[in-house]
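**Q** Pasting the sequence and the predicted model now:
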Amino acid sequence: MRSLLVLVMLVAVVAAAWWQFEERIPAHWHPWKPLSVDDILTPVTKWKLHRLADDREGCLTALGTAPEGTLQMTPLDDYEPSPGCPLSNVVRLHGSDVAFNASFVASCPLALAWVMYERQRLQPAAEAHFGTRVARIEHFGSFSCRNVYGRESGRRSEHATAEALDVAAFRLEDGRRITLLEHWNDEGARGAFLREARNGACDLFGNVLGPAYNRAHADHFHFGMRGFRLCR
């Protein structure tokens, strides 16, 4: 009986100590605390984004932390736009702090990763290199019911589940247009901006592919959610 009482007291002390320790963990380092678009990016951020793939309500709540007027999106019911490519936990992103050449369907975690990337990595890079912000994104789309590289066989592309976005160009508020195809090898501000934009994306997306990866990506960045650190 005495041993049992000691054990109970020990468990209580450990539980109390853990509770006090957990309360002191900052939200951006705590794996179980809700994600916010302005949370400081840490190695835990990607894990939180991946966990939201099966948590529609939690993901939409995180998107709802974007400042009022900075995000225009529509939650979508699960549906199958093409045979063999069902989509779940998706939204249609109409615009954010930047305009898009077209709205696009994205998995909710992809949309959240994009908003966080835009606010915490893309716009600071533009301001650092050009003294102005990105006003518009030109993309090749997100959803495409196909295999990797459009092959007849093999694994499905991330685009088949709307978990990737292909970005080709950035237009600044002052009208300048920076494209991957024209400016990746630029030795001035345009090239430096594109490389910083790529590197910053690696803090959020599971895989980031661009001109340095292969010729198939010579004209765009592929921002995908699968994996944790493929950054080329």
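**A** Received, thanks. No experiment lies behind these values; they were computed from the predicted model shown. Numbers count the residues shown, from 1 in each chain.
**Q** Please make it C-alpha for all contacts and neighbour counts, starting now.
**A** Fine.
**Q** For V37, which non-adjacent residue is closest in space?
**A** M116 (5.1 Å; CA to CA, 6 or more residues apart in numbering).
**Q** Quick check: which helices or strands does the host helix or strand of that neighbour pack against?
**A** For M116, the enclosing helix or strand under DSSP states H and E is helix 108-117. Counting contacts by 3 or more CA pairs under 8 Å, 6 or more residues apart in numbering; DSSP states H and E, helix 108-117 packs against helix 43-51, helix 56-63, strand 90-95.
**Q** Nearest to P211, out of those?
**A** helix 43-51 (23.5 Å; CA to CA).
**Q** So what does A162 have for phi and psi?
**A** Dihedral pair for A162: phi 60, psi 40, per degrees, to the nearest 10.
**Q** swap in the one 5 residues further on?
**A** The phi and psi values for V167, taken as degrees, to the nearest 10, are phi -110, psi 130.
**Q** surely it meets W114?
**A** No: using CA atoms under 8 Å, V167 is not in contact with W114; the gap is 11.1 Å.
**Q** Counting neighbours, what do you get for the residue nearest to A111 when sequence neighbours are not counted?
**A** In space, and not counting its chain neighbours, A111 is closest to L93: 7.1 Å by CA to CA, 6+ apart. A count of neighbours around L93, defined by other CA atoms under 10 Å, yields 20.
**Q** which residues touch L93?
**A** Counting by CA atoms under 8 Å, 6 or more residues apart in numbering, L93 touches Q72, M73, T74, S103, F104, V105, A106, A111.
**Q** Pull up the distance across stretch 63-78, start to finish.
**A** The straight-line separation of the ends of stretch 63-78 (CA to CA, to the nearest Å) is 18 Å.
**Q** before we move on, back to that, would CSV of the contacts of L93 with neighbour count be doable?
**A** Below are these laid out as CSV (neighbours: other CA atoms under 10 Å):
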residue, neighbour count
Q72, 14
M73, 16
T74, 12
S103, 16
F104, 20
V105, 25
A106, 28
A111, 25
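**Q** Point out where this protein drops to low pLDDT.
**A** Applying pLDDT under 70 to the chain flags residues 1-24.
**Q** can you give me the helices in this protein?
**A** Per DSSP state H, the chain carries helices over the ranges 2-24, 43-51, 56-63, 108-117, 123-130, 180-183, 189-201.
**Q** ok now the fourth one, how far from the chain's centre?
**A** Right, the one you point to is helix 108-117. Computed by CA atoms, centre = their mean, to the nearest Å, the chain-centroid distance of helix 108-117 equals 4 Å.
**Q** next one: the fifth one
**A** Centre-to-centre, helix 123-130 and its host chain are 19 Å apart (CA atoms, centre = their mean).
**Q** Since that was my last question, I'll sign off now.
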